[in-house]
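*Asks:* Next come a sequence and a model predicted from it.
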Amino acid sequence: MKIGIYSPYLDTVGGGEKYMLTIAQGLSSENDVDVFLDSHLQTLDIKRISEKISRLLNLDLSKINFIKAPFGRGSQVLERIKFLKKYDLFFYLTDGSIFYSSAKSSILHIQSPIKVSNAGVWNKIKQSSWKLIIYNSQFTKDHCEKSWKIKGEVVYPPVDTEVFKPGKKKKQILTVGRFFGYLKDKKHELMVDSFKKMVDFKKVKDWSFHLAGGANEGDMGYVGELQQVAQGYPIYFHPNLPFQELKKLYGESAIYWHASGFGETDPT
């Protein structure tokens, strides 16, 4: 089969990219798999991005074709329709946006509870071109189904349980999440401030806090801001940490910490 895969944020190397490119890797052993590069990705060094993804996500992308495609800003609807017709199967990681797909079979992937408008004939036509939505959790599915009128199934994110093994535990806390400087939605600063208070009030002794995650060039300023806030404390930052080193951090950390949902009422 000829299969196309499109993730708009391929250069960020986050959870969505891990999900989509694991699909690409799995299907590439017996199929012709193209990963699409939209208008903003086409200006980047694709060889460097591919090597970065392989190093950070521990994926074999050697059988995958990275090709330019009519997606993103400035792309034309008719050009995209003509382009997708040659694909037997098409996967798209949506951020909430949707377009008409002319591939023989089209599947959306949704990572968080995002809503979509069903108003208007064109929106209904666009949704009718998609066969299935795959969700990363039952939580996401339950919230999305209120607005998305496409059949859905839960396919949990891939975790290689043979690769991740417990190591000798240390007194350290780990959080892993993209250093997204625009949204700051992983609440890194909240966790840093909380850990600093625990140190100041002597609630933790000889503990350290490690923050790992993907970061593109535009996010490094945010990483620098966090490093300034954390200065003088046993807090360590690991942007774009190679997979083997990340695996080691997981194995030796006694506690995993996550704060994205803290104080939130919107399921997104």
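*Replies:* Yep, that arrived.
*Asks:* shaky segments in the stretch 101-250 of the chain?
*Replies:* The model of the stretch 101-250 of the chain has no residue with pLDDT under 70.
*Asks:* Please repeat the previous calculation with a cut-off of 80.
*Replies:* Residues of the stretch 101-250 of the chain meeting the criterion pLDDT under 80: 117-119.
*Asks:* all helices for the stretch 51-200 of the chain, in order.
*Replies:* For the stretch 51-200 of the chain, helices defined by DSSP state H, counting those that start in this stretch occupy the ranges 77-84, 121-128, 138-144, 188-200.
*Asks:* Go through the last one and flag the buried ones.
*Replies:* With burial defined by 16 or more other C-beta atoms under 10 Å, the residues of helix 188-200 counted as buried are 188, 191, 192, 195, 196, 198, 199. Just so you know, the C-beta spots here come from the backbone N, C-alpha and C atoms, and that holds for glycine as well.
*Asks:* Kindly reformat the residues you listed as TSV containing distance to residue 123.
*Replies:* Conversion of the buried residues of helix 188-200 to TSV gives the following (distance: C-beta to C-beta, whole Å):
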residue	distance to residue 123
188	36
191	39
192	42
195	45
196	47
198	49
199	51
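*Asks:* Out of the residues you listed, flag the one nearest to residue 88.
*Replies:* When the buried residues of helix 188-200 are ranked by distance to residue 88 (C-beta to C-beta), residue 188 comes first, at 41.4 Å.
*Asks:* quick one: which of the helices of the stretch 51-200 of the chain is nearest residue 66?
*Replies:* Using C-beta to C-beta, the helices of the stretch 51-200 of the chain put helix 77-84 closest to residue 66, at 15.1 Å.
*Asks:* List the buried residues in the closest one.
*Replies:* 80, 81, 83, 84.
*Asks:* Help me confirm that the last one comes into contact with residue 99.
*Replies:* The reference is to residue 84. No - at 9.3 Å, residue 84 does not count as touching residue 99 under the criterion of C-beta atoms under 8 Å.
*Asks:* Show me what the nearest residue in space to residue 253 that is not next to it in sequence is bridged to.
*Replies:* Nearest residue to residue 253, sequence neighbours excluded (C-beta to C-beta, 6 or more residues apart in numbering): residue 174, at 3.8 Å. Counting by DSSP bridges, residue 174 forms beta bridges with residue 210, residue 256.
*Asks:* State the number of residues packed around residue 174.
*Replies:* Residues contacting residue 174 under the criterion other C-beta atoms under 10 Å number 21.
*Asks:* okay if I get the helices of the stretch 51-200 of the chain as a markdown table plus distance to residue 50?
*Replies:* As requested, those are exported to a markdown table (distance: least, C-beta to C-beta, whole Å):
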| stretch | distance to residue 50 |
| --- | --- |
| helix 77-84 | 21 |
| helix 121-128 | 30 |
| helix 138-144 | 28 |
| helix 188-200 | 27 |
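*Asks:* Tell me which of those helices lies nearest to residue 113.
*Replies:* Closest to residue 113 of those is helix 138-144 (C-beta to C-beta; 3.5 Å).
*Asks:* Name the residues of that closest one that come out as buried.
*Replies:* 140, 141, 143, 144.
*Asks:* a markdown table for the residues you listed, including distance to residue 13?
*Replies:* Output for these, formatted as a markdown table (distance: C-beta to C-beta, whole Å):
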| residue | distance to residue 13 |
| --- | --- |
| 140 | 21 |
| 141 | 25 |
| 143 | 26 |
| 144 | 24 |
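*Asks:* Widest-spaced pair of those residues?
*Replies:* Spanning the widest gap among the buried residues of helix 138-144 are 141 and 143, at 7.5 Å by C-beta to C-beta.
*Asks:* show me the contacts for residue 124.
*Replies:* Contact partners of residue 124, counting by C-beta atoms under 8 Å, 6 or more residues apart in numbering, are 118, 149.
*Asks:* mind redoing it with 7 Å?
*Replies:* residue 118 (C-beta atoms under 7 Å, 6 or more residues apart in numbering).
*Asks:* How much space separates it from residue 118?
*Replies:* To residue 118, residue 124 is 7 Å away according to C-beta to C-beta, to the nearest Å.
*Asks:* same deal with residue 76?
*Replies:* Counting by C-beta to C-beta, the gap from residue 76 to residue 118 is 25 Å.
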